[in-house]
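1. Output the structure for:
(one chain, ligands or ions: 2)
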Amino acid sequence: MIKLLFIGDIIGRPGRRAVAALLPGLKAEHDFDLIIANGENSAGGFGITPKVAEELFALGIDVLTSGNHIWDQKEIEAYLPKNPRLLRPANYPVGDLGSGTVVVSLARRPEVKVGIINLAGRVFVGPADCPFRTGKVLVAGLRSEAAVIVVDFHAETTSEKTALASYLDGRVSLFVGTHTHVQTADERIMPQGTAYITDVGMVGGRNSIIGMRADRVIRKFLDGKPRRYEVDKSDTWFSAVIAEIDESSGRAQSLQRLQIPA
Ligand SMILES: [Fe+2]
Ligand SMILES: [Fe+2]
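-> Ligands and ions are numbered 1, 2, ... in the order given. Below is the predicted model of the structure:
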């Protein structure tokens, strides 16, 4: 059995601080084999910089996934191709600028390989190639290399997320949704053995609007004027899931939600 931690979107410096504060204790308690996090909002709430990515890797995160904010910080374009453990959505039509998949060996048991795939949704998000067709092809390709496959589907709607998870049920071990930043309570093992949750949530302010200061967002809704959002720094909570997976069959055994005040 292997144990994976998947941390939801880390929002700016308060999110990074919460991860730094809580991860050592969680690692001591659970002894994870692999830690994955979504880092698309980890630099000031918008995108990720090389410096921030290195900071998160140094905390013990093995693989960083992303989403629609991946291009917000210009420097990341040069960093992506050199750092295969930072993923951008595989179905973005950007050629060989970074990758949407990676296969990693577990540090303690290098014979066990885990494939990670980052995909983006198309409903109420930006343009992307079909995540269903792309996902199916990528999963089929990785299966010869890795018995355990994890998908981060960065998408807006519950229906698109549940549909892709159901489509890939039994072909992947863990399928998590990200992007809406609010953890859903529908975690389960699907009929063919895929652990699924519609959204992992975020590491960000409990009283924010998806990580941003509420007052700024409310004003925009009231007057419609473009306004710079600011990361909420108060009452940060850490949202994640822990999955236990049988590494020989690839079937998930359990999925547990975490929501911890930092
Ligand atoms: Fe996000
Ligand atoms: Fe997003």
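
2. The residue nearest to residue 210 when sequence neighbours are not counted: what's it in contact with?
-> Setting aside the residues directly before and after it, residue 210 is nearest to residue 181 in space (Cβ to Cβ, 6 or more residues apart in numbering), at 4.0 Å. (C-beta placed from N, C-alpha, C; glycine too.) Residue 181 sits next to 8-9, 11, 199, 201-202, 204, 210-211 when contact means Cβ atoms under 8 Å, 6 or more residues apart in numbering.

3. Tell me which two in these are the farthest apart.
-> 11 and 199 (14.1 Å; Cβ to Cβ).

4. any idea how far the closest residue to ligand 1 within the stretch 51-200 of the chain is from residue 118?
-> Residue of the stretch 51-200 of the chain nearest ligand 1, by Cβ to the ion: residue 179 (5.3 Å). In this view, residue 179 and residue 118 are 11 Å apart by Cβ to Cβ, to the nearest Å.

5. neighbour-wise, which of those two wins?
-> Neighbour count, other Cβ atoms under 10 Å: between residue 179 and residue 118, residue 118 has more, with 32 against 27.

6. dump the residue contacts of the more buried one.
-> 65-67, 87-90, 100-101, 151-152, 154.

7. So residue 248 sits against residue 147, correct?
-> Yes. With contacts counted by Cβ atoms under 8 Å, residue 248 reaches residue 147, the gap being 6.6 Å.

8. The two: who's more crowded?
-> residue 147 (20 against 10).

9. Give me the contacts around the one helix or strand in the chain whose mean pLDDT sits lowest.
-> The helix or strand of the chain with the poorest confidence is helix 214-223; it has a mean of 95 (mean pLDDT, DSSP states H and E). Applying Cβ under 8 Å, 6+ apart, the contact partners of helix 214-223 are 207-209, 225-230, 232.

10. Out of the residues you listed, which end up buried?
-> Neighbour-count burial (16 or more other Cβ atoms under 10 Å) applied to the contacts of helix 214-223 gives 208-209, 229, 232.

11. Which strands or helices does the helix ranked longest in the chain pack on?
-> Looking across the chain with DSSP state H, the single longest helix is helix 12-30. Using 3 or more Cβ pairs under 8 Å, 6 or more residues apart in numbering; DSSP states H and E, the elements in contact with helix 12-30 are strand 2-7, strand 9-10, strand 34-38, helix 50-58, strand 202-205, strand 236-245.

12. how far away is the closest residue to ligand 2 within the stretch 101-250 of the chain from residue 81?
-> Residue of the stretch 101-250 of the chain nearest ligand 2, by Cβ to the ion: residue 179 (3.8 Å). Distance of residue 179 to residue 81, computed by Cβ to Cβ: 24 Å.

13. Same check on residue 201?
-> Taken as Cβ to Cβ, the span from residue 201 to residue 81 is 30 Å.

14. Over to residue 22?
-> 31 Å.

15. hang on, the earlier thing: what do residue 179 and residue 118 both touch?
-> 67, 154.
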